[in-house]
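>>> what follows is a protein structure lacking sequence information:
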């Protein structure tokens, strides 16, 4: 499933073609894509609206709409496992597995393609209310070393499940948690309240560094599904230190990378760089 760097890449690449354009109409070929309101209600809410901004919140692409200069809700796009966004000519024939399309002024269209049908493109009245349960953004101003130290002490959970919890910190997934923990030299089973202040500061820095480097490389294409809106794969997978590298040498120390299961998730680590806690 695309994580923060992949979704940020998608938002950045479609932004120039979408911002300022008015929605002329909507086509829905798989009703579940647009949520429980149904395709007619979805089309009514977006047709005639102008796309004011394109951004990201956690793992969602967020299209803010307006009418007459006033907010008119947002479109939340969750790519899930196989969703892709493309800006295409409005005259283009529907692509294989295309589930929804917004016709835009200027003879352009926003196409949502999703092989497995898990992705969603839904309208909400207020994105802050719709996503109120999410934690702060790891690249945002609220995510400070002090905030992380306090959150780790208060939660008293194993590190990896806590970092994957979107209500604690938004946008991280399996790949970037494994990578950040390795870079910070912390074991995924470490109890969060036992993370010392220097280690918490190190984890904060490595979470941000990992995400920024992945965004620079347009995310990670570790399978055939994730591609940028331009149809290109990301390249951060070539920088992986531990994720998907079980049985190979750790790039930091040369020991063998192993794969264990933490919270029902495959987890990659180096036992030499990431010493196991005594209680693990």
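Nice, I can see it. In this text the structure is predicted, and so the values were computed from the model without any measurement.
>>> what's stretch 201-209 in contact with?
138-139, 143-145, 148-149, 163, 172, 176, 180-181, 183-186, 195 (CB atoms under 8 Å, 6 or more residues apart in numbering). Yep, even glycine has a C-beta here, placed from its N, CA and C like the rest.
>>> buried subset of these?
138-139, 143, 148-149, 163, 172, 176, 180-181, 183-186, 195 (16 or more other CB atoms under 10 Å).
>>> just the ones in helices from the residues you listed, please.
Taking DSSP state H, the ones among the buried ones among the contacts of stretch 201-209 that sit in helices are 148-149, 163, 176, 180-181, 183-184.
>>> which pair in the buried ones among the contacts of stretch 201-209 spans the largest distance?
Using CB to CB, those reach their maximum pairwise distance at 139 and 185, which is 21.6 Å.
>>> am I right that residue 128 sits in a helix?
Yes: secondary structure of residue 128 (DSSP: H, G, I helix; E, B strand; the rest coil): part of a helix.
>>> how far away is it from residue 66?
Using CB to CB, to the nearest Å, we find residue 128 at a distance of 16 Å from residue 66.
>>> neighbour-wise, which of these two wins?
residue 66 (15 against 10; other CB atoms under 10 Å).
>>> same question for stretch 43-58: list its buried residues.
In stretch 43-58, counting by 16+ other CB under 10 Å, buried: 43, 45-46, 49-52, 54-58.
>>> mind checking the end-to-end distance for that stretch?
25 Å (CA to CA, to the nearest Å).
>>> now residue 51. Nearest residue, chain neighbours left out?
residue 18 (4.9 Å; CB to CB, 6 or more residues apart in numbering).
>>> what residues does that neighbour make contact with?
51, 54, 63, 87, 104, 110.
>>> secondary structure element for the last one, which one?
Using DSSP states H and E, residue 110 falls within strand 108-114.
>>> and that strand, what does it pack onto?
helix 4-18, strand 83-89, strand 98-104 (3 or more CB pairs under 8 Å, 6 or more residues apart in numbering; DSSP states H and E).
>>> quick one: distance of stretch 192-212 to the chain centre.
20 Å (CA atoms, centre = their mean, to the nearest Å).
>>> where does the closest residue to residue 271 other than its chain neighbours land in three-state SS?
For residue 271, ignoring the flanking residues on the chain, the nearest one in space by CB to CB, 6+ apart is residue 258 at 6.2 Å. Counting by three-state DSSP, the backbone at residue 258 sits in strand.
>>> I'd assumed residue 272 was in contact with residue 258.
No: using CB atoms under 8 Å, residue 258 is not in contact with residue 272, being 10.3 Å away.
>>> quick one, strands of the stretch 151-280 of the chain?
If DSSP state E, counting those that start in this stretch is used as the criterion, the strands of the stretch 151-280 of the chain fall at 257-262, 265-270.
>>> which one of the ones you listed lies closest to residue 78?
strand 265-270 (19.2 Å).
>>> buried residues in that closest one?
So, applying 16+ other CB under 10 Å, buried residues of strand 265-270: 267-270.
>>> contacts for that strand next, please.
In contact with strand 265-270 (CB under 8 Å, 6+ apart) are residues 160, 164, 174, 178, 181-182, 187-188, 242-246, 250, 252-253, 255-261.
>>> whichever of the residues you listed end up buried, select them in ChimeraX.
If you want just the buried ones from the contacts of strand 265-270 in ChimeraX, going by 16+ other CB under 10 Å, the selection is:
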select :160,164,174,178,181,182,187,188,242,243,245,250,257,258,260
